[in-house]
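> Sequence plus the predicted model coming up.
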Amino acid sequence: MLEIEDLKVYFRTNAGIVKAVDDVSFEVRKGENFTIIGESGSGKSVLAQAILRLLPKNAEICGRIIFNGKDLLKLSEKEMRRIRGKEIAWIPQSQTSLNPVLNVGFQCAEPLMEHFRMDKKSAFARIIRIFEFLGIGGNRIREYPHQFSGGMRQRVLVAMGISADPKLIIADEPTKGLDASKRSQIVELFRKIGDKTMLIITHDINFAENLADRIAVMYCGKIVEVSPAKEFFREPLHPYSRGLLDSLPSRGLKPIKGFQPSMINPPKGCRFRERCEFAREICKDEPPLISLNGRFVRCWLYDRGNWD
Amino acid sequence: MNRLCVTGLGIILLMVILGLLAPLIAKNPYKTDLKDRLEPPSLKHPFGTDQLGRDLFSRVLWGARTSLFVALTISLISMSLGCIIGAVSGYFGGIIDDIIGRIIDVFLAIPELVFNIALVGIFCAAYGVSTWNVILAVVITNWVSYARITRGIVLSLKEREFVLCAKAIGAGEWYILLRHVIPNSIGPIVVLATLNMGNVIMTIASLGFLGLGIQPPTPEWGQMINAGKDYITTAPWLTFFPGLFIALSVLGFNLLGEGLRDVLERRSFIE
């Protein structure tokens, strides 16, 4: 459904070129929940916004983003507008993504009025049904964002995302800023809409474990591993994936030593090598993408010919 | 309730009511009576009479109508104009912003009253004497402050997440500007408009005092002070009462504006 090939997103700044997304390729299949995990600043959100072409003008995007056979990077702004909200919906990070002076019903109904020319009355009727389905309460449709709690606001954003029945939903950190009990409610919420094709971006590994069909791990602008979720959590391949899982409280709370390198001048070769316990001389060369029983990993460790 | 707001609103309401009731409680402001000229305040003439024997109380009340109506017209026109120009400039940026920014700088560089006098002069020469000259001239100098404020607010608002969110559902740029961005900037603009009403009333009175504003015999406070200044030692009420009404109405709008600022800015601080 969505294929991303050699996607690069560079920002030109005064300090240099920030390579926020560098040579990323993956595919989201119809009906699956594809989750990208990685720490803050690894380029996940930029990747999500690049797909919808929502990035500011100083971003340079190249590569291919193929959605249902169309390359989104080749569409005009007008054609792109018809994709946004109708074909691909974006569920933004919580809290400030709702307009404080418009009621939530109107904001959720906007995609319907914009893309299907629905009148306000029938759009609102549909939003009431969606609100009730998501457990918000249809009578709250005319309330304003400040009247909602953080968890409820996140539900409203989900309602906005699914209102026009999009083919693909991109959710950017849906559990950001929520406490543990609210997070489990959001997991339930996403299960409810689980039949949709979803691309979820998160740094919340528990959230990913509960929902994902396949997992991609992003580190410093690169995707280092793509695996089916079950296998990923049983046996992560990339040393960074292992470090990420070992840093979870439930698995020993062992932080990865060192810091994520700057994206302005990332180290040549493998970007994780300075923090990696297995690093060798060969890691100074760009590691290949190695296919292993339906999983993909970008690490020399799995290149039998060169490592041993 | 905010005390500043209530006081300011009270003064303004008093002015508006006096202005609206002028036809009922005041006498004919144009009727001269040379036997009764320059009478001091009395029961018959609460504010005294002027050099032509006209009842000053009636003239001051009718003057409230003129001043408030003209000031309101000017504020509404310059607010709409300034907000749209400023919002477009801030939202779309680029070369549009550069051009509008330079135009705003030029307008800000010229002293307002001097500019007004020049404009009224030009319009009088071109179109003849009328109240619209004053309105047009003050609008031309006044929209700038609205444009500058709106541009600043829009610049910060357009980086907010809800604008990105609106883009992500496929909304167009103009729709986002009109439906999402401008409604969010209304608070500070209302504050500015209220504070600005005081300034506009002052400007109208200044132009009237200089003989360039609304022309006699239409009652207008500034022009009444100008007429009364020749008698300031013998009949000080001729300048006192119009001056008092100018001061009160400016005070009213300033208090209300300050009060609104407290209320609205405290709210946006919490958000």
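Happy to help now that I have it. Numbers count the residues shown, from 1 in each chain, chains lettered A, B, ... in the order given.

> show me what contacts the closest residue to chain A within chain B?
Closest residue of chain B to chain A, CB to the nearest CB: B:I169 (3.4 Å). Placement of C-beta: from N, CA and C, glycine included. Counting by CB atoms under 8 Å, 6 or more residues apart in numbering or on different chains, B:I169 touches A:R84, A:G85, A:A89, A:W90, A:E110, A:P111, A:E114, A:M160, A:A164.

> Not counting stretch A:232-247 itself, show me its contacts.
Contacts for stretch A:232-247 (CB under 8 Å, 6+ apart): A:37, A:39, A:205, A:209, A:215, A:217, A:219, A:224-225, A:227, A:251-256, A:272, A:275-278, A:292, A:295, A:297-299, A:301-302.

> The contacts of B:I169 in strands, which ones?
Under the assignment DSSP state E, the contacts of B:I169 contribute A:A89, A:W90 to strands.

> And the furthest pair within the contacts of B:I169?
With CB to CB as the measure, no two of these lie farther apart than A:W90 and A:E114, at 13.9 Å.

> Give me the more crowded residue out of these two.
A:W90 (27 against 22; other CB atoms under 10 Å in any protein chain shown).

> mind listing what the more buried one touches?
By CB under 8 Å, 6+ apart, the neighbours of A:W90 are A:48-49, A:52, A:54, A:84, A:161, A:169-172, B:165, B:168-169.

> so it bridges to which residues?
A:I170 (DSSP bridges).

> In the stretch 1-150 of chain A, what residue comes closest to chain B?
For the stretch 1-150 of chain A, CB to the nearest CB, closest residue to chain B: A:G85, 3.4 Å.

> Quick check: A:P261 touching A:R271?
Yes: applying CB atoms under 8 Å, one finds A:P261 in contact with A:R271, separated by 6.2 Å.

> The residue of the stretch 1-150 of chain A closest to chain B: what's it in contact with?
A:E110, A:P111, A:E114, A:H115, A:A164, A:P166, B:A168, B:I169, B:G170, B:A171.

> Turn the residues you listed into a markdown table, columns for distance to B:I140 and pLDDT.
Output for these, formatted as a markdown table (distance: CB to CB, whole Å; pLDDT from 0 to 100):
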| residue | distance to B:I140 | pLDDT |
| --- | --- | --- |
| A:E110 | 38 | 91 |
| A:P111 | 42 | 90 |
| A:E114 | 38 | 87 |
| A:H115 | 43 | 89 |
| A:A164 | 46 | 88 |
| A:P166 | 49 | 90 |
| B:A168 | 40 | 90 |
| B:I169 | 39 | 89 |
| B:G170 | 39 | 87 |
| B:A171 | 34 | 89 |
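
> Please report how far the closest residue to B:M202 other than its chain neighbours lies from B:S67.
Distance criterion CB to CB, 6 or more residues apart in numbering or on different chains; nearest residue to B:M202, sequence neighbours excluded, is B:V250 at 5.9 Å. The gap separating B:V250 from B:S67 is 10 Å, by CB to CB, to the nearest Å.

> tell me, what's touching the two both at once?
Common neighbours of B:V250 and B:S67 (CB under 8 Å, 6+ apart) are B:I201.

> Please determine how far B:G172 is located from A:Q147.
Taken as CB to CB, the span from B:G172 to A:Q147 is 28 Å.

> When the two are compared, which one has more neighbours?
Neighbour comparison, B:G172 and A:Q147: the larger count goes to B:G172, with 15 against 12 (by other CB under 10 Å).

> wait, doesn't that one sit right on A:R84?
No: contact between B:G172 and A:R84 fails when scored by CB under 8 Å: they sit 10.7 Å apart.

> So among the contacts of A:W90, which ones count as buried?
A:48-49, A:52, A:54, A:84, A:161, A:169-172, B:165, B:168-169 (16 or more other CB atoms under 10 Å in any protein chain shown).

> can you tell me which of those residues are in helices?
Among the buried ones among the contacts of A:W90, the members found in helices (DSSP state H) are A:A48, A:Q49, A:G161, B:C165, B:A168.

> Okay, buried residues for the helix or strand in which B:P23 is found please.
Here B:P23, judged by DSSP states H and E, is contained in helix B:3-25. Across helix B:3-25, burial judged by 16+ other CB under 10 Å covers B:L4, B:C5, B:G8, B:L9, B:I11, B:I12, B:M15, B:V16, B:L18, B:G19, B:A22.

> Around the spatially closest residue to A:L134 that is not a sequence neighbour, how many other residues sit close by?
Once flanking residues are discounted, A:L134 sits nearest to A:R155: 5.1 Å by CB to CB, 6+ apart. A:R155: 22 surrounding residues under other CB under 10 Å.
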